[in-house]
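Colleague: Make a model of this:
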Amino acid sequence: MMKSKDLPTSTILFGLAVIPFQLNHAAILVNDTWQDGDRTTQEAGTDADLDGDIESAWFGTVGTLAASPGKLTGTVGAGSSSWTTYLTAEGSEATLVNPGDTLTVSWTFTLTGTNATNASQSFRLALVNTPGASRLAADGNPSSSTYGGYGMFMNMGQTLGHANPFQLMERTDPLTSSALLSASGSWTGLDDQESTGTPGYADATSYTFLMSLSLTALSELSINATMSGGSLGGDGVLQASYLDPTPNSLSFDTFSLRPSSAAGSATNIDTTAFYASLTIPEPSTFTALGGLVLFALIRRRRS
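Modeller: As a prediction, this is how the structure comes out:
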């Protein structure tokens, strides 16, 4: 039996060359904790003002959104409020092109004045692509437009009171212009693994919503969403997922929130961290370690 040192150099090279390696590169789009108390600066993926955050500008229903050091506070009244931010500049959308490309968005918040229970899906969010002409440039609500992407229709109360309290949704027809989150008929339900009557949200408790969109080798879109914190759902986590064979968009630049009323959510929602990144796999035949191993084997063969 030949030992490895007796193998021809060409065999060693072939044996190593077929071993695939993959590196991942994550481009951070937004990473904001409001250290400077500013909600109007849009930074292009870099900490331009050197305050430790990569910021995105937030626009809200007039009089409902305010920033202070360490948090972004949204106030909810008897009617709906809307808060919207853009992950990237227009024309630089986060686009999933190759298998493994993944967009990840994380939103961390606390509540004040959480209602006891209600039977609605009155707390909603969206991760979509907004046509350039419809992007906000000042406080206000998103206009009717041809949005493409995904959303969550959620129930928020101290006890969950809707049969689908954490429902993953998709825009039904991205070619038809309609309101972003108030137009329920523009959305189709994809998944909800949770149920009514379980523990919901509590005041002064930190919650984190996480959504990832990942392109597969078959050009399907793997969508995973979780809400974690406290005793949500009984085990501290709500979750929904779906493998979409016909995604209506692979480009995304907008994150938007819409509580329809304080009675259906809370009187105040304080965002303490917001993060978005685009991860792109980088295939490589050899890692640095692989190269060192190959060099050592060649040297051993020649000695």
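Colleague: In contact with the nearest residue to residue 190 once chain neighbours are set aside, which residues?
Modeller: Nearest non-adjacent residue to residue 190, counting by Cβ to Cβ, 6 or more residues apart in numbering: residue 242, 4.1 Å away. Heads up, the C-betas are built off the backbone N, CA and C, glycines and all. Neighbouring residues of residue 242 by Cβ atoms under 8 Å, 6 or more residues apart in numbering: 168, 190-191, 223.
Colleague: Identify the bridge partners of residue 242.
Modeller: With DSSP bridges as the criterion, residue 242 is bridged to residue 223.
Colleague: gap between it and residue 107?
Modeller: 19 Å (Cβ to Cβ, to the nearest Å).
Colleague: Next: residue 274.
Modeller: 6 Å.
Colleague: Which of these two has more residues huddled nearby?
Modeller: residue 274 (24 against 20; other Cβ atoms under 10 Å).
Colleague: just checking, the more buried one is part of a strand?
Modeller: Yes. Counting by DSSP: H, G, I helix; E, B strand; the rest coil, residue 274 is located in a strand.
Colleague: Quick check: bridge partners of it?
Modeller: What pairs with residue 274, by the bridge criterion (DSSP bridges), is residue 32, residue 107.
Colleague: gap between it and residue 32?
Modeller: 5 Å.
Colleague: tell me, what's touching these two both at once?
Modeller: Common neighbours of residue 274 and residue 32 (Cβ under 8 Å, 6+ apart) are residue 56.
Colleague: before we move on, the earlier item: overlap in contacts, residue 274 and residue 107.
Modeller: Contact criterion Cβ under 8 Å, 6+ apart; residues shared by residue 274 and residue 107: residue 255.
Colleague: now the helices for the protein?
Modeller: In the chain, the segments counted as helices under DSSP state H are 9-17, 288-302.
Colleague: number of nearby residues for residue 133?
Modeller: Residue 133: 8 neighbours (other Cβ under 10 Å).
Colleague: contacting residues around the most centrally placed residue in the chain?
Modeller: With distances taken as Cα atoms, centre = their mean, the residue of the chain nearest its centroid is residue 105 (2.2 Å). With contacts defined as Cβ under 8 Å, 6+ apart, residue 105 is in contact with 87, 127, 210-212, 255, 275-276.
Colleague: for the residue lying closest to residue 40 once chain neighbours are set aside, what are its contacts?
Modeller: In space, residue 40 comes closest to residue 57 once its chain neighbours are excluded; the distance is 5.3 Å by Cβ to Cβ, 6+ apart. Contact analysis of residue 57 by Cβ under 8 Å, 6+ apart lists 39-42, 85-86.
Colleague: so can I have JSON lines of those showing distance to residue 172?
Modeller: Below are those laid out as JSON lines (distance: Cβ to Cβ, whole Å):
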{"residue": "39", "distance to residue 172": "32"}
{"residue": "40", "distance to residue 172": "33"}
{"residue": "41", "distance to residue 172": "35"}
{"residue": "42", "distance to residue 172": "30"}
{"residue": "85", "distance to residue 172": "24"}
{"residue": "86", "distance to residue 172": "23"}
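Colleague: which of those are buried?
Modeller: 39, 85-86 (16 or more other Cβ atoms under 10 Å).
Colleague: Name the nearest of those relative to residue 119.
Modeller: For the buried ones among the contacts of residue 57, the minimum distance to residue 119 (Cβ to Cβ) is 29.5 Å, reached by residue 85.
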